[in-house]
Each structure stands twice: as structure tokens, then as C-alpha cells.
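# I would like to see how this sequence folds:
(chains A and B)
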Amino acid sequence: MVGNIAPLAFGLAVIGSAIGVGLVVGKTIESVARQPELQSRLQTLMWIGVALTEALCFIAIGVAFIPFPA
Amino acid sequence: MSQQEITLILNAVLALGQVVSANSGGFQGPSIDDFFPASVLFAGTPFALDRVLLVRLFGTAVIIAILWIGSTRLKVVPTRAQAAWEFLMDMPRQGIVYDTLGKKDGDRFMPILLTMFFGTLAWNLTGTIPGLQIASTGLIGQALLMAAIAYVTFIYAGIRKHGTGHFFKNTLWLPGVPIAIKPVIALLEFLSTFIVRPVTLTLRLTMNMVAGHMLLALCFLATNFFFFSVLGNGNALGFLGIGTFAFGIAFTVLELFIGVLQAYIFAILSAIYIQMALADEH
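A predicted model of the protein is given here:
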């Protein structure tokens, strides 16, 4: 069998980001349900949180392109 | 589930594998080469245009035409079309610009943010339009250029408001952190603000579009393969094509949604970065 295990490693890395994004968005929905008048502020914070959490999975994509010495 | 049923399903899976491998010459999955087709115009010059770039030009022309026609025929009493157009313009203005930046700063940065939004929207949606079927934001240069514009804009906004030294102090030298670990935090903040931000803006857009194209192309190529190669050879497993076709339709709808969502995320993150650069000392 010939192949590349990079996608597998990326899949593992994405598990973390996925859980993180889920937590961030879920908590934001909870907070908005409690205090609907804060929605726009909370959404801004949510996007910052999502961007930071998602960054990890993009770093994982980037790692595949780093020319490590064999 | 009884033993028999499990055996039956296992056999079906094995048979499917055999069909695919028996026709392995026939099934060609999508590849990244879809984004790099042969040039069709001006080949060999630096201005070589391939299919993806033509699609990009087409998307640009369409969005310019829509915005142009909409904005040159404004009347005080809106017609039905104008009301729809105003709704289309007002949603991103309110949701992206005013909600994050407020009215005063929002008006200053509205042109660049809305240009980013509508541009990204047009280039993303070409990925689902039949006949075009490629999102030109899937080429990294496009996303990289727009991320660079966002990067320059938020640094410019911060430096203009606070002055160079103050801006970097605000961003890196956070108050309320124990002095001993302040340099470490400053390094982390530098990484996250000036390196990770533009990189993630670029990769988020590009990778979403590339992955979306792969998903759609895989579904429809598999449908084609099942119907014309497998079913055409008289193998009943070809009816699996109905399933892949249904998934293709479902993913097309998903891609429409993702195209709009990614344009929204790109614009709102740029707006938030500008807002963070403009924010006063905490």
C-alpha cells in the first residue's frame, strides 16, 4: 500500500479545533439566550475566539509544507 | 443486527471495493490540478489567463454590474428591486461594519470592508454556479492579496490613531500581566497578531474553497462513474449513483452556504482586527 499519512495527522489535529470551535459557539449561544441585548458584543468576541481556535488547524495544514530534513 | 445481516453488509462492501478496483482505470477522482488548468488566452506571457482566472473576471464583472446598476438608479421612493438591493446592502453594513466598529469608525472603513465582502462573495459563489463550478478564491494568491490588504489596513488604523510606539505598546505590552512574564506574553501576542492573523485569514478562505470543490467534484464524478461505467456494464451496484448524486445536490446547497459564510467571516474578522487596533488602552 502506498500513500501519505499527512491527511491522517491533519484529521487528528482537527479534532481539537472542532471541539474548541464547538465550545466557543455553544457558550456564545448560551450567553445570548441569557442576555439577548449583548448579542453584537458577544458575537464579536465569538469570532475572535473562533479565529484563534481555528488557527491551530491551519497551522496543522502549514506544517505539512515545512521542509523537514529527512 | 443478526449475524446474517452483518455478513450480508460485509459482502456488499467487499463487492463495492472489487467493482471500484476492477474499474480503477475508469474512476478518476478530482485533484488539485482542477485549480491549475492549461492557459487559454495570452499563453506564455505574464498575463496568461486560464479557466479559473476567466471565472474570476466573470464574477468580478457580475458583482460590479449589480452594484453599479443598483447604485445609479436610486430613487427616494424605492421600487421593489431597489428595496431588495437596499436590503442586500444594509445587512452587511449593519452586521459587519456597524456592529463591530460603531457608526463613526464604521463609516471610515466601510468601503474597504464591504468591497472585501462582496468581492469574496462573488468569487466564492462561482464555485456552485453550474457551468463555472470553480471558486477562484481557491487559488491562494487571491486570498493572500485580500489578507494583505486587511493586514495593512488594521496596522494603518492603529498607527494612525495611536502613533507607532503607542500602537505596538497597546498590542504587545498588555497591562495587568505580571512583569516577569510580560516579555513572553509580548512574544506570543506578536506571533498571534502579526503572523497568525494574516496566515489564518488566507488559509481559512482558500482551504474552505478547495475542500468544497473537492467534495462536490468527488460526488458528481462518482455519480458519473456509477451510472455510466458500472451500471453501463450491467452491474446493479451502479444504482449507488443515486446516493452519490443526492449527496452532490446536498453539498451544493452546503457550498452555497459556506461561500456566503466565508465571505462574512473574512469581512467581519478584518473589521474586528481594525476594531482591536483602534481600541483605547485597556
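
# Give me the most central residue, the chain.
Answering for chain A, as no chain was given. Among the residues of chain A, A:Glu54 comes closest to the average C-alpha position under CA atoms, centre = their mean, at 2.6 Å.

# that's the wrong chain, I meant chain B
Geometric middle of chain B (CA atoms, centre = their mean) lands on B:Leu205, at 3.9 Å.

# Might you report the residue contacts of that residue?
B:Thr120, B:Thr137, B:Ala143, B:Met146, B:Ala147, B:Gln262, B:Phe266 (CB atoms under 8 Å, 6 or more residues apart in numbering or on different chains). For every residue, glycine as well, the C-beta is placed using N, CA and C.

# Quick check: chain neighbours aside, which residue is closest to it?
Sequence neighbours aside, B:Ala143 is the residue nearest to B:Leu205 in space, at 4.2 Å (criterion: CB to CB, 6 or more residues apart in numbering or on different chains).

# and chain B, which residues reach chain A?
Chain B comes close to chain A at residues B:99-100, B:192, B:196-197, B:199-200, B:203-204, B:207, B:265, B:268-269, B:272, B:275-276, as judged by CB under 8 Å from any CB of the partner chain.

# per-residue confidence at A:Val14?
Turning to A:Val14, the model gives it a pLDDT of 90.

# who touches it in this structure?
A:Cys57, A:Ala60.

# try it again with 6 Å
A:Val14 makes contact with A:Cys57, according to CB atoms under 6 Å, 6 or more residues apart in numbering or on different chains.

# again, but for B:Leu201
B:Leu201 makes contact with B:Ala147 under the criterion CB under 6 Å, 6+ apart.

# again with A:Gly49
A:Val24.

# The residue nearest to B:Leu205 is in what secondary structure piece?
Per DSSP states H and E, B:Ala143 falls inside helix B:140-162.

# In that helix, which residues are buried?
For helix B:140-162, burial by neighbour count (16 or more other CB atoms under 10 Å in any protein chain shown) applies to B:140, B:142-144, B:146-147, B:150-151, B:153-155, B:157-158, B:162.

# and if you look at stretch B:96-113?
Result for stretch B:96-113 [16+ other CB under 10 Å]: buried residues B:Ile96, B:Val97, B:Tyr98, B:Asp99, B:Thr100, B:Leu101, B:Asp105, B:Gly106, B:Phe109, B:Met110, B:Ile112, B:Leu113.

# State which helix of chain A is the longest.
The helix spanning the most residues in chain A, taking DSSP state H as the definition, is helix A:6-34.

# In that one, which residues are buried?
The neighbour-count check on helix A:6-34 (16+ other CB under 10 Å) flags A:Ala13, A:Val14, A:Ser17, A:Gly20, A:Val21, A:Val24, A:Thr28, A:Ser31, A:Val32 as buried.

# The second one and A:Val50, how far apart?
In this view, A:Val14 and A:Val50 are 14 Å apart by CB to CB, to the nearest Å.

# swap in the fourth one?
Counting by CB to CB, the gap between A:Gly20 and A:Val50 amounts to 8 Å.

# can you check the last one too?
Here A:Val32 is placed at a distance of 15 Å from A:Val50 (CB to CB).

# do the same with B:Arg108
B:Arg108 is 26 Å from A:Val50, by CB to CB.

# and chain A, which residues reach chain B?
Taking CB under 6 Å from any CB of the partner chain as the contact definition, chain A meets chain B at A:Ser40, A:Thr44, A:Trp47, A:Ala51, A:Ala55, A:Phe58.
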